[in-house]
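Enquirer: Test case, fold it:
(one chain, ligands or ions: 2)
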Amino acid sequence: MSKQYPGWERGRPRPHAGETPALPKMQDTGMVISCRGLRKTFVIGKLDVPVLKGIDLDVQRGERLAIVGASGSGKSTLLHLLGGLDSGSGGSVQILGQEVQQMNEVQRGELRNHALGFVYQFHHLLPEFTALENVAMPLFIRGMKSTEAKPRAAAMLEQVGLAQRIQHLPSELSGGERQRVAVARALVTEPACVLADEPTGNLDRGSAHALFELMQQLNTKFNTSFIVVTHDLELAGRMQRCLRLVDGVLLQG
Ligand SMILES: Nc1ncnc2c1ncn2[C@@H]1O[C@H](COP(=O)(O)OP(=O)(O)OP(=O)(O)O)[C@@H](O)[C@H]1O
Ligand SMILES: [Mg+2]
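Expert: Ligands and ions are numbered 1, 2, ... in the order given. Below you'll find the model as predicted:
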């Protein structure tokens, strides 16, 4: 199994017996995510809106990368393409050495569930589920039993400082608390790479600092890569590398 998913090192959760994804074999390139000549143009009626104009990027295993840029510059669009959530208008994306464009939706879903964690800009929690159930969801999707998944989810919620809120619904949480639930959900599977879109956008200084500490711990412990979109230049400065998205291309920070 580890040969099929070279991004998983010792200590990473493995798929359960009987749920082997039907993915082709991958080469271990040492990169978690790469893209070449990545382009995205939105078409609205007769209007073409070019947002990404040829992005080349290699994110190594264990790397912590910040992406900054003005509002509307295409940061969320880029993150969605890098995570295989959307397709580009041109160019290519590889996740753990595998060409995303050549995968079908089921394969993409499997790869995302096993290799990536997402923190969306607008958290996307499921409103009818508790914080605990939201965080356990990626584990349920893997086929993990509730008796195993829920304690793991509870431990991750404790790590983000929400031990007292696990039975709350999203509507019963503050904006910052919801964001922390979303972060716990992204981290609970100990993925090879976390893609986070403004993960500290709703947090006060102390909570933002604690969240970055947690990311750093995971980075060290599991060699998890992080690609973090942020407006917070102080936090961006604490990453190993910072790139700026300007006019559809990535520039050195
Ligand atoms: N589905 C869509 N259809 C049409 N245009 C879109 C779509 N999604 C994004 N855009 C446009 O693409 C551009 C980039 O959007 P994106 O959300 O990636 O920006 P962003 O850098 O994440 O901004 P912010 O910092 O405000 O979150 C914007 O001009 C936006 O209007
Ligand atoms: Mg955005």
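
Enquirer: can you pull out the helices in this protein?
Expert: Remark: helices assigned in the chain by DSSP state H are 75-82, 105-115, 131-141, 146-159, 175-187, 205-222, 233-237.

Enquirer: Which among the ones you listed is found nearest to Gln167?
Expert: helix 131-141 (6.6 Å; Cβ to Cβ). (Glycine included, C-beta is placed from N, CA and C.)

Enquirer: Alongside ligand 2, which residues does this structure contribute?
Expert: The chain comes close to ligand 2 at residues 76, 121, as judged by Cβ under 5 Å from the ion.

Enquirer: Nearest to ligand 2: which residue in the chain?
Expert: Nearest to ligand 2, among the residues of the chain, is Ser76, at 3.2 Å (Cβ to the ion).

Enquirer: Quick one, grab the pLDDT at that residue.
Expert: The model reports Ser76 with a pLDDT of 94.

Enquirer: residues near Glu110, how many?
Expert: 21 (other Cβ atoms under 10 Å).

Enquirer: do the same with Ala186
Expert: Neighbours around Ala186, by other Cβ under 10 Å: 23.

Enquirer: if we can go back for a sec, in CSV: the helices of the chain, plus distance to Lys46.
Expert: Below are these laid out as CSV (distance: least, Cβ to Cβ, whole Å):
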stretch, distance to Lys46
helix 75-82, 21
helix 105-115, 29
helix 131-141, 40
helix 146-159, 47
helix 175-187, 37
helix 205-222, 43
helix 233-237, 38
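
Enquirer: least reliable of those helices going by mean pLDDT?
Expert: Ranked by mean pLDDT, these end with helix 205-222 in last place, scoring a mean of 82.

Enquirer: Report the angle between that helix and helix 175-187.
Expert: Computed by axes from the mean of the first three to the mean of the last three Cα atoms, to 10 degrees, the angle separating helix 205-222 from helix 175-187 equals 0 degrees.

Enquirer: Would you mark the buried spots in helix 205-222?
Expert: In terms of neighbour count (16 or more other Cβ atoms under 10 Å), helix 205-222 has its buried residues at 207-208, 210-212, 214-215, 218-219, 222.

Enquirer: Please name every helix or strand in contact with that helix.
Expert: Taking 3 or more Cβ pairs under 8 Å, 6 or more residues apart in numbering; DSSP states H and E as contact, the helices and strands that helix 205-222 lies on are strand 64-68, helix 175-187, strand 225-229.

Enquirer: out of the ones you listed, nearest to ligand 1?
Expert: Closest to ligand 1 of those, according to Cβ to the nearest ligand atom: strand 225-229, at 6.8 Å.

Enquirer: All set, thanks.
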